[in-house]
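In: my questions concern the predicted model and sequence given below.
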Amino acid sequence: MTATAEQRLHTLRAHWQAAHDKPEETPDNTLRALWSAAAGRPLSAVAATHIALPELDADAMRRLDALLEQRLAGVPLAHLTGRQHFLGLDLLAGPEALIPRRETELLGRAAIELARAAASHDRPVVAVDVCTGSGNLALALAHHVDGLRVFGADLSEDAVALARRNAALLGLADRVEFRAGDLLAPFDDDTFHGMVDLLLCNPPYISSGKVEAMPGEISAHEPRLAFDGGPLGVSLLARLMQDGSRFVRPGGWLAFEVGLGQGNAMARRLRNDGAWDDVRELMDEGGAVRALLARRADRAMGDNG
Ligand SMILES: C[S@@+](CC[C@H](N)C(=O)[O-])C[C@H]1O[C@@H](n2cnc3c(N)ncnc32)[C@H](O)[C@@H]1O
């Protein structure tokens, strides 16, 4: 690293405040990502971790210093580079949608395994990702599992537009279709009722009161709609568990992320509902339940047929 780079790394280190929701970001890869962005080659922090620093002319050096200043003022790195890494993909990121978090890779990896198992059947396999945001989960599924037909949807038209741009960037636009609408409404027809192999969701699950108290780096830059799960934080989760069984085919799976402290109650609710016959908790490295999987029973209580 040159003296110019060392000096800027020193400044970043001196002001560094580790963000628990973005554990992949360090002073070193932040500098590399901003340096690369200033050179006109946007990369996420993860993708920039091992790059050599390209030469910067005087204009590019001024761009770098402006980016560093914005980062130190609390603008998310992903908004400055326009990129965020998720399950092996460098995705477009911006204020239109939540910046995908590493913690959501737990749900994403489980979804990929379930989709691979389903994809071994000799019929078209359908995955639906609601609350899709930037499309990270839907696109990771399509990228990592061949032969899947993937649909994503979000209430926010801006998020859907970003998800579509991501699909185009990754060459997945012919396999992943994004729609706009409320939760499962965009799929509420016979094409999807009882036909979905995997219903995936990372919903907003923070209680409205706690959303007010979120750090400024989050609340000032990411859409409130991505976090606010209603008075108790579980409004969308409750609707998903209630309505999801109409869409998932017998033997198919519902898979969703939950907030810290919500998992056990949600798992109990699924186990008490005859629509699901296998409910599994997924834990993070600290042992907290952060995602749930539920398999649709072959013949659920309350089914007519
Ligand atoms: C926690 S973010 C998840 C985004 C993305 N799936 C991810 O994993 O990073 C929740 C998303 O749900 C969307 N959303 C909120 N309420 C919704 C609703 N009623 N119907 C559909 N999407 C909704 C938000 O716009 C946001 O994109």
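Out: Thanks, I have it.
In: and the pLDDT at residue 178?
Out: The per-residue pLDDT reported for residue 178 equals 98.
In: now the element after the helix or strand hosting it, going C-ward?
Out: Assessed by DSSP states H and E, residue 178 sits inside strand 176-180. Using DSSP H and E, the next helix or strand after strand 176-180 towards the C-terminus is strand 196-201.
In: hmm, that next one touching the ligand?
Out: No - figure legend: strand 196-201 not in contact with the ligand (CB under 6 Å from any ligand atom); closest approach 7.6 Å. In short, each C-beta sits where N, CA and C put it, glycine included.
In: what comes up buried for that strand?
Out: Neighbour-count burial for strand 196-201 flags 196, 197, 198, 199, 200, 201 (criterion: 16 or more other CB atoms under 10 Å).
In: now the last one: closest residue in space, sequence neighbours ignored.
Out: Translated: residue 201. residue 256 (4.3 Å; CB to CB, 6 or more residues apart in numbering).
In: assign a three-state SS to that neighbour, would you?
Out: Secondary structure state of residue 256, per DSSP: H, G, I helix; E, B strand; the rest coil, is strand.
In: wait, it sits on residue 104?
Out: No - using CB atoms under 8 Å, residue 256 makes no contact with residue 104, being 10.6 Å away.
In: residues from the stretch 101-250 of the chain in reach of the ligand?
Out: Residues of the stretch 101-250 of the chain lying near the ligand (CB under 6 Å from any ligand atom): 104, 130-133, 136-137, 154-156, 159, 182-183, 202-204, 225-226, 236.
In: shaky segments in the stretch 151-300 of the chain?
Out: Residue ranges of the stretch 151-300 of the chain with pLDDT under 70: 299-300.
In: where do the helices of it begin and end?
Out: 157-169, 208-212, 216-219, 235-244, 263-271 (DSSP state H, counting those that start in this stretch).
In: name the residue of this protein that lies nearest to the ligand.
Out: Residue nearest to the ligand within the chain: residue 133 (2.5 Å; CB to the nearest ligand atom).
In: name the element that residue belongs to?
Out: Judged by DSSP H and E, residue 133 forms part of no helix or strand.
In: and which of the buried residues of strand 196-201 is nearest residue 173?
Out: residue 200 (19.0 Å; CB to CB).
In: could you list the domains of the protein?
Out: Following automatic domain parsing, one finds the domains of the chain at 3-81, 102-296.
In: please identify the deepest-packed of the ones you listed.
Out: domain 102-296 (a mean of 19; mean count of other CB atoms under 10 Å).
In: coming back round to it: spit out the contact partners of the residue nearest to residue 201.
Out: Residue 256 makes contacts with 107, 200, 201, 202, 203, 237, 240, 291, 292, as judged by CB atoms under 8 Å, 6 or more residues apart in numbering.
In: low pLDDT regions in the stretch 1-150 of the chain?
Out: If you take pLDDT under 70 as the line, the stretch 1-150 of the chain has these spans: 121.
In: quick one: the helices in it?
Out: 3-15, 27-38, 45-48, 58-72, 77-81, 105-119, 136-144.
In: report all helices and strands that the fourth one contacts.
Out: In other words, helix 58-72. helix 3-15, helix 27-38, helix 77-81 (3 or more CB pairs under 8 Å, 6 or more residues apart in numbering; DSSP states H and E).
In: ok, the closest residue to residue 233 other than its chain neighbours to residue 229 distance?
Out: With CB to CB, 6+ apart as the criterion, residue 233 has its nearest non-adjacent residue at 3.9 Å, and that residue is residue 207. Per CB to CB, to the nearest Å, residue 207 is found 6 Å from residue 229.
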